[in-house]
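Undergrad: the following block contains a protein sequence and its predicted model.
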Amino acid sequence: METQEAGLKTVNNTYMESHRILRTPSALVRDALLYIQEIGEMVCKEPRQNWRNSLDSYLLILVKEGCGTITVGEETLAIQAGDVAFLDCHNPYSHCCDARDPWHILWVHCNGAAMPHLYDIFRQRNASFVMSGAAEWIEPVLQNLERIAMAEEPDYELYESECLTQLITLILTRKAEKTGHISGDTSQKWEQIHQYLEEHFAEKITLEELGKRFGISKYYMLRGFKRKYGVTIVQFLNQCRMNYAKNELRFTDKQIDTIAEECGIHDSSYFNRIFRRYKSISPGRYRRPLVHTGGSGEIEIKEQTAWKNDSAVCFFVYDQKKRTAPVWEQPFSFIIGV
């Protein structure tokens, strides 16, 4: 059943209960201020997907209860109670509540001459269009905005614009604890990504595919992973590859090109550059360890036998680059840690 009275539209059917207030701004407000196009509240009873190709609008969705997903273009993010999404509706988007836990949401469609610039600032400052935990400080302002819209007192458009400006200012200047919610335990999600990279470093991994695999945006993933581990995803991948290469160079007779391929690096020149960057030595020199004499010189080992335990390699050297000290002409042993 639908009813409409003085701009207030109410819906109550098998899918949902909702009410919304529709607005048509005056010419003055449209040209000079921020304004409401539609504001409302909805309690979903069953899963229902809403899809829009393009609207001349900007949409703020606050989840009071339940959960669901929001898709903008090819990016889909989970959103749950306490989260707020801010969308540019000029791009195709859709949203759908969860079948097991349908959501209860507040929303406002808004616009204004300054909105494109304000939204650009929002995306520059936030890796995602979803702000996790932001409902706590956005909901009071959004509810006040709805009360102003329902009252329709004299000059209500000016009051609406003032309150809407306050809302957008909060979004731009106050950061929630996280942006771009990950469903489930966030810490566990980072650990899953970390483990996946450790196990699949030899494969071709793109940031886009990695984000899709774990259901998060690429930009949020990049920021969150570095915040958690102190290195970027690319740096960690290279660390995994170089750790594998070090082991293979030290304890096998494989060709360096073969080791590079097994690391997932198919360009030997690039492999050499990366190895030098992380170890400050070429792969070939790393395979032939250098003995520090305790002075300024180094002795390159030319012939050796070795065995290893869990923490060290013991070498017996039979021939080496001669130095001035005659002691180097006799066999000796030393320990190189691994």
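TA: Received, thanks.
Undergrad: residue 43 - that's part of a helix, no?
TA: No. Using DSSP: H, G, I helix; E, B strand; the rest coil, the secondary structure at residue 43 is strand, not a helix.
Undergrad: who does it form a beta bridge with?
TA: Under DSSP bridges, the beta-bridge partners of residue 43 are residue 17, residue 104.
Undergrad: please, where are all the helices along the chain?
TA: With DSSP state H, the ranges of helices along the chain come out as 27-32, 115-125, 135-151, 156-173, 186-200, 207-214, 218-229, 233-251, 256-262, 268-279, 283-287.
Undergrad: JSON lines for the ones you listed, including mean pLDDT, distance to residue 96 and mean neighbour count?
TA: No exception for glycine: its C-beta is placed from N, CA and C like everyone else's. Formatted as JSON lines, the helices of the chain follow (pLDDT from 0 to 100; distance: least, CB to CB, whole Å; neighbours: other CB atoms under 10 Å):
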{"stretch": "helix 27-32", "mean pLDDT": "90", "distance to residue 96": "32", "mean neighbour count": "12"}
{"stretch": "helix 115-125", "mean pLDDT": "90", "distance to residue 96": "23", "mean neighbour count": "14"}
{"stretch": "helix 135-151", "mean pLDDT": "87", "distance to residue 96": "19", "mean neighbour count": "16"}
{"stretch": "helix 156-173", "mean pLDDT": "89", "distance to residue 96": "23", "mean neighbour count": "18"}
{"stretch": "helix 186-200", "mean pLDDT": "83", "distance to residue 96": "21", "mean neighbour count": "15"}
{"stretch": "helix 207-214", "mean pLDDT": "82", "distance to residue 96": "18", "mean neighbour count": "15"}
{"stretch": "helix 218-229", "mean pLDDT": "78", "distance to residue 96": "20", "mean neighbour count": "18"}
{"stretch": "helix 233-251", "mean pLDDT": "89", "distance to residue 96": "29", "mean neighbour count": "18"}
{"stretch": "helix 256-262", "mean pLDDT": "91", "distance to residue 96": "43", "mean neighbour count": "18"}
{"stretch": "helix 268-279", "mean pLDDT": "87", "distance to residue 96": "43", "mean neighbour count": "16"}
{"stretch": "helix 283-287", "mean pLDDT": "87", "distance to residue 96": "51", "mean neighbour count": "17"}
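Undergrad: out of these, the one nearest residue 101 is which?
TA: Closest of the helices of the chain to residue 101 is helix 135-151, at 15.9 Å (criterion: CB to CB).
Undergrad: thinking again about what came up before, I'd like the helices of the chain as CSV, with distance to residue 62 appended.
TA: As requested, the helices of the chain are exported to CSV (distance: least, CB to CB, whole Å):
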stretch, distance to residue 62
helix 27-32, 24
helix 115-125, 15
helix 135-151, 5
helix 156-173, 10
helix 186-200, 20
helix 207-214, 24
helix 218-229, 19
helix 233-251, 31
helix 256-262, 50
helix 268-279, 46
helix 283-287, 54
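Undergrad: ok, residue 171 touching residue 108?
TA: No. Assessed by CB atoms under 8 Å, residue 171 is found out of contact with residue 108, at 11.7 Å.
Undergrad: tell me, what's touching the two both at once?
TA: residue 60 (CB atoms under 8 Å, 6 or more residues apart in numbering).
Undergrad: sorry, back to before: would you mind saying which of the helices of the chain lies nearest residue 38?
TA: Counting by CB to CB, residue 38 lies closest to helix 135-151 out of the helices of the chain; the figure is 9.4 Å.
Undergrad: hmm, who's touching that closest one?
TA: 8, 21, 23, 36, 39-41, 60, 62-64, 81-84, 106, 108, 156, 159-160, 163-164, 166-167, 170-171, 174.
Undergrad: report how many residues lie close to residue 48.
TA: 15 (other CB atoms under 10 Å).
Undergrad: what's in contact with stretch 49-59?
TA: By CB under 8 Å, 6+ apart, the residues outside stretch 49-59 that reach it are 37, 85-96, 107-111, 115, 119.
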